[in-house]
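In: Below are the sequence and a predicted model for it; my questions follow.
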Amino acid sequence: MRKHKFDRFGFSSLPFRNDSKAAYLNAARKQVLKNMLNFLNYRGFAVLSGSPGTGKTMLLNHLSKQLNPNENKILYIPFSMLSPSDMLKNICTKLNVEPTVSTSKMLASIQHCITQMQPVNPILVLDEIQKITNPTIEIIRLMTNINFEEKNIFSVLMAGNDEFLQRVRLRVNEPLRQRITCYCRLNPLSRNDTKEYIKCQLETAGAHQDIITEQAVTFVHDLTSGIPRLVNSLLFAALEAAAEDDSQVIDLKHMNLAEKIVILPQQEMYQ
């Protein structure tokens, strides 16, 4: 089998990539996950917010793996900037419903399909929700107005950057705001959580010994402020630097090399 330059670290898989086998869950993220699972028991609308790179999509992926596929059907829309018509067409496709050119017919078909699939919980996951337009928000709200019963038969989980919360506060979105019953937020990792995150990533990848110094771990948090996406990029570049240096340990020298590749230079450096 062809050798990989990371073999020196004893990995069985690559760490710090988006396809990690296990999501890192500190106490705060476990609580967010618990809140979202509880929300899905009652259905309705929920918001998962956070700064870019804090791990919203990864947590949604972890959430989906916790759900019984016989009791839940996830309809994942990765980009929410779609027009109302295109949004309905995407939802129709995921429900195996034939899309049409008529918005009212698609709404009726979706509502009929959702009603027929009960008690299975249809979960519409809208990612990058900060990019959604107000007309598309309204069509989603109308789609969930299925009957006069008090019980919700549809779950809508909206995930995106904090700027969406400002949108929700607008008067035009008052009907939506009144329907949101769960707000969750992912914060950047603390210094200690960053250390545990790095440890989790390396152990999940198969490392059986310490391959990063304490000074390097501290440097990671200082550079990334605990944003998991930045931690991933920085540490992967540091692994590359250590491998090129024929080293089995990441130290400050490798972190400095990684910083030059991954971190945006200060403005005065390229004027």
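Out: Structure received. All values derive from a computational prediction rather than experimental measurement. Residues are numbered from 1 along each chain as shown.
In: make it CA atoms for all contacts and neighbour counts henceforth
Out: Fine.
In: how far out from the middle of the chain is stretch 64-84?
Out: What separates the centre of stretch 64-84 from the centre of its chain is 12 Å, taken as CA atoms, centre = their mean, to the nearest Å.
In: which parts of that stretch are buried?
Out: 64, 72-77, 80-84 (16 or more other CA atoms under 10 Å).
In: Could you save these as TSV and add columns showing pLDDT?
Out: Formatted as TSV, those follow (pLDDT from 0 to 100):
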residue	pLDDT
Ser64	91
Asn72	93
Lys73	93
Ile74	94
Leu75	95
Tyr76	94
Ile77	93
Ser80	88
Met81	90
Leu82	92
Ser83	94
Pro84	94
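In: In TSV, list those residues along with secondary structure and distance to Ala23.
Out: Shown next, in TSV, are these (DSSP: H, G, I helix; E, B strand; the rest coil; distance: CA to CA, whole Å):
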residue	secondary structure	distance to Ala23
Ser64	helix	12
Asn72	strand	21
Lys73	strand	21
Ile74	strand	19
Leu75	strand	21
Tyr76	strand	19
Ile77	strand	21
Ser80	coil	24
Met81	coil	27
Leu82	coil	29
Ser83	coil	32
Pro84	helix	33
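In: closest to Asn187 among these?
Out: Ser64 (20.5 Å; CA to CA).
In: can you pull the contacts of that closest one?
Out: By CA atoms under 8 Å, 6 or more residues apart in numbering, the contact set of Ser64 is Ile74.
In: so how far is Thr100 from it?
Out: Using CA to CA, to the nearest Å, Ser64 is found at 29 Å from Thr100.
In: got it, and Thr115?
Out: Taking CA to CA, one finds Thr115 at 19 Å from Thr100.
In: quick one, what contacts Asn26?
Out: So Asn26 contacts Asp193 (CA under 8 Å, 6+ apart).
In: again, but for Met81
Out: 128-129, 131-133.
In: Residues contacting the strand or helix carrying Asp222, please?
Out: For Asp222, the element it lies in under DSSP states H and E is helix 214-224. Residues outside helix 214-224 that contact it (CA under 8 Å, 6+ apart): 191, 194-195, 230-231, 234-235, 250-252, 255, 263.
In: Closest to Leu60 out of the contacts of Met81?
Out: Nearest member of those to Leu60, counting by CA to CA, is Glu128, at 12.2 Å.
In: Fine by me, we can end here.
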